[in-house]
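In: no sequence for this one, just the structure:
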Ligand code: ADP
Ligand code: ZN
């Protein structure tokens, strides 16, 4: 890509990135109205593309007239390019690394409002508002006014206020001055009205205070926190990744806050990435209590606010941006630090479109900007552990819980041959009772929402399945309902609970297995003296309601919390002393190569909710496989011990992080079409594998989803270079004319460093 051309002449051709799934740029002539000095690299043009009107972003120009001359663009949207050189470089890198069309990448670097055909000025309308100021009066007027003011303290106060300078009408009304007062002053000619422009304030500047002001008292750091803070602050201004490996509750957030404080002391912006579910008002408040000029970006932020955030980051008025995955794509005027909290979290991976990892992108951006990067977690991704082992990341450990809380004790509870009561074994029931009786709270983790993971005919044994996915339907039934519903957790399909078995018409359909709804009912019945809070995706649809629930829990009365992974993520439950996991270990042996890692992270994070305050915590894991080696490693040696043995296993198997991986997925309504494309593709590239291993085609671990059959090819090589070469071969082949007949009924996508193979 060429940089901004220094001396600007009218280009003959604009090479535009257009949001279509094609790996190419499109040539247009400049539009009829085109300023002579237009710096068009990075600017948006409205164009006709076939029958559509689209937005193209100029990334190259050519001064030479081509033949035939391309058709002109309709309109230039940006006099000032919206994407500057660093943003375009970032876009190009994303397109190259993830092998995604540049035309689909660049719009992601813009706020949604600017992906449409509006200029920046149109998107940010400046508002004209009415304001008042004092006037000069002649002697006669002054006399009349003085007499009037003697009788009206209200008018006097308003005038005194305006003596300090003009005020908008709204400001005056907010100060308590009324309309009649202002009108009377106008009549007396003591003040005059005028119109003034009021631009939307930048997102960060909502709280007017100096940018680095610290408003909440910081805690006294312990020695390891102190060490971490000074190691990181010492590297401000240089690229250095840190792995902040700190057990749950060890005070990682406090470390982030201190480092940001140090950064703001010398100017610079901080980008703090957090997992989607963890960006609660609680987290926000914690940052906002310390820093002004902070802003938050997450999935529920409206488009207008996204635009303000994009601008605030770009012009530097936001000093601290806290955001989920997509915040990693924002432009920053003066980036000084990136933090990725819970860096192992799955929500950093985008699962469709541009399949990027916000964590990996953060590393890239820190390197480009020459700033430190902090990856924090109690359960780091194996990739990050490996990078730390190899010396690419500097490891910082926090081994103690902050504030004197003790680490919970973990035990395996062998439930082979035990009679379970709604999923709970008798010893576990006794433990729950004992903890509640001591005045504490109990957390029960079940990795399933709904009432039961399946509904089965008790006569013929038929399992009710989703016809579109060929997977069991989850049975849902709310408290107090007679009949429930069946939901597919894969494609979202729903249907009422059937009255009879679809195979044999027998009326007796039985829920089998245990989900959070069923557990909630059973626990309410068994422990009627305490409150049972169910927390899963179904109850947590509203963030406000979830917060209210957390507030109730943290008031501290004995209670039972039953829920899914939502409970695992970063929440602080000071009164929970017992954490019980009913079926978490089942995931250890799932087909995906990362299943073990994910399960170990989940168990450790859930366990970390226990005993986070004065009272010691206990963790009980019910299991049917107490001898499972990964589980044993986790219990005996903790997550770090588990990670060591799992890394050995990955190395022996030649899997990430010891190999680079790509996945080429194909799906179609007919299995033969999807598989056929991949077979053909494999034949085409067989002699151009660049030393990589290309396995498949095989059905995806979830072979059918929403009526489409799914197949995949898996590419592996110890080094990235050859794997990217393979990716280019695959894409070139798929873009060739010969591919057309094979592509007709098939959707495909490529995934670099896939997070899972599902
Ligand atoms: P983590 O992010 O590592 O899970 P947090 O930062 O949430 O841990 O800290 C856990 C709890 O410990 C919080 O309530 C926090 O206020 C408290 N805490 C952190 N650092 C200290 C410290 N140095 N002294 C006392 N309490 C601390
Ligand atoms: Zn389905």
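Out: Everything's here; your move. These numbers were taken from a predicted model, which means no experiment stands behind them. Ligands and ions are numbered 1, 2, ... in the order given.
In: What are the boundaries of the strands in the stretch 101-250 of the chain?
Out: 127-134, 167-168, 191-198, 240-246 (DSSP state E, counting those that start in this stretch).
In: quick one, which of those is packed in tightest?
Out: The highest mean neighbour count among the strands of the stretch 101-250 of the chain, using mean count of other CB atoms under 10 Å, belongs to strand 240-246: a mean of 24. The C-beta positions use only the backbone N, C-alpha and C, and glycine is treated the same way.
In: Is ligand 1 within reach of that one?
Out: Yes: Strand 240-246 is in contact with ligand 1 by CB under 6 Å from any ligand atom, via residue 246.
In: swap in stretch 321-337?
Out: No: Stretch 321-337 does not reach ligand 1 (CB under 6 Å from any ligand atom); its nearest approach is 13.9 Å.
In: What residues of that stretch count as buried?
Out: For stretch 321-337, a neighbour-count test (16 or more other CB atoms under 10 Å) marks 321-332, 335-337 as buried.
In: nearest to residue 712, of the residues you listed?
Out: Among the buried residues of stretch 321-337, residue 325 lies closest to residue 712 (CB to CB), at 23.6 Å.
In: leaving aside the residues next to it on the chain, what's closest to the closest one?
Out: Once flanking residues are discounted, residue 325 sits nearest to residue 358: 4.3 Å by CB to CB, 6 or more residues apart in numbering.
In: Could I get the strands of the stretch 101-250 of the chain in CSV, plus columns for mean pLDDT and distance to residue 380?
Out: Supplementary listing: the strands of the stretch 101-250 of the chain in CSV, determined by pLDDT from 0 to 100; distance: least, CB to CB, whole Å:
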stretch, mean pLDDT, distance to residue 380
strand 127-134, 80, 48
strand 167-168, 82, 51
strand 191-198, 80, 47
strand 240-246, 97, 6
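In: what residues does the stretch 351-500 of the chain put near ligand 2?
Out: 466, 468, 469, 488, 490, 491, 493 (CB under 5 Å from the ion).
In: Which helix in the chain has the most residues?
Out: Scanning the chain for the helix with the most residues, using DSSP state H, yields helix 629-653.
In: What is it packed up against?
Out: helix 382-389, strand 409-414, helix 595-607, strand 618-623 (3 or more CB pairs under 8 Å, 6 or more residues apart in numbering; DSSP states H and E).
In: Any chance you could list what contacts it?
Out: 245, 378-380, 382, 385-386, 410-412, 585, 588, 593, 596-597, 599-601, 603-604, 621, 623, 625-626, 656-658 (CB atoms under 8 Å, 6 or more residues apart in numbering).
In: are any of the residues you listed buried, and which?
Out: The buried subset of the contacts of helix 629-653 (16+ other CB under 10 Å) comprises 245, 378-380, 382, 385-386, 410, 412, 585, 588, 593, 596-597, 599-601, 603-604, 621, 623, 625-626, 656-657.
In: Where does the prediction get shaky in the stretch 501-650 of the chain?
Out: Residue ranges of the stretch 501-650 of the chain with pLDDT under 70: 570, 612-613.
In: my bad, the stretch 101-250 of the chain
Out: 125-128, 174, 198-217.
In: So what does residue 421 look like in phi/psi?
Out: phi -110, psi 100 (degrees, to the nearest 10).
In: now the helices and strands packed on helix 629-653 as a markdown table including distance to ligand 1?
Out: Shown next, in a markdown table, are the helices and strands packed on helix 629-653 (distance: least, CB to the nearest ligand atom, whole Å):
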| stretch | distance to ligand 1 |
| --- | --- |
| helix 382-389 | 16 |
| strand 409-414 | 17 |
| helix 595-607 | 10 |
| strand 618-623 | 16 |
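In: got the contact list for the helix or strand following the longest helix of the chain?
Out: As assigned by DSSP states H and E, the chain's next helix or strand after helix 629-653 is strand 660-668. Identification of contacts with strand 660-668 by CB under 8 Å, 6+ apart yields 655, 674-675, 677-678, 681, 697, 700, 705, 708-720, 723, 726-727, 730, 745-754, 757.
In: how many neighbours does the residue in the stretch 1-150 of the chain that ligand 2 sits nearest to have?
Out: Residue nearest to ligand 2 within the stretch 1-150 of the chain: residue 21 (25.6 Å; CB to the ion). Neighbourhood size, residue 21 [other CB atoms under 10 Å]: 10.
In: Residue 353: which of the buried residues of stretch 321-337 is nearest?
Out: residue 326 (11.1 Å).
In: Distance check, that closest one against ligand 1.
Out: 23 Å (CB to the nearest ligand atom, to the nearest Å).
In: same check, this time on residue 379
Out: From residue 379 to ligand 1 the distance is 11 Å (CB to the nearest ligand atom).
In: I'd like the residues of the stretch 351-500 of the chain next to ligand 2 as CSV, with secondary structure and pLDDT appended.
Out: What follows is these, written out as CSV (DSSP: H, G, I helix; E, B strand; the rest coil; pLDDT from 0 to 100):
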residue, secondary structure, pLDDT
466, coil, 95
468, coil, 95
469, coil, 95
488, coil, 96
490, coil, 92
491, coil, 93
493, coil, 94
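In: could you flag which of the contacts of strand 660-668 are buried?
Out: 674-675, 677-678, 681, 697, 700, 705, 708-717, 723, 726-727, 730, 746, 748-754, 757.
In: okay if I get the strands of the stretch 101-250 of the chain as TSV plus distance to residue 296?
Out: Output for the strands of the stretch 101-250 of the chain, formatted as TSV (distance: least, CB to CB, whole Å):
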stretch	distance to residue 296
strand 127-134	24
strand 167-168	27
strand 191-198	24
strand 240-246	22
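In: So which bits of the stretch 401-550 of the chain are right by ligand 1?
Out: 402, 403.
In: what's near enough to touch residue 620?
Out: Contacts of residue 620 (CB under 8 Å, 6+ apart): 411, 413, 428, 431, 578, 579, 580, 581.
In: So the third one: helix, strand or coil?
Out: Yep, that's residue 428 we're talking about. Here residue 428 is recorded as helix under DSSP: H, G, I helix; E, B strand; the rest coil.
In: Could you give the bridge partners of residue 456?
Out: For residue 456, the beta-bridge partners under DSSP bridges are residue 463, residue 510.
In: ok, it touching residue 506?
Out: No: in this structure residue 456 lies outside contact range of residue 506 using CB atoms under 8 Å: 10.9 Å.
In: one step back: what residues are up against the residue nearest to residue 325?
Out: Taking CB under 8 Å, 6+ apart as the test, what residue 358 contacts is 273, 325, 326, 327, 328, 340, 348, 349, 350.
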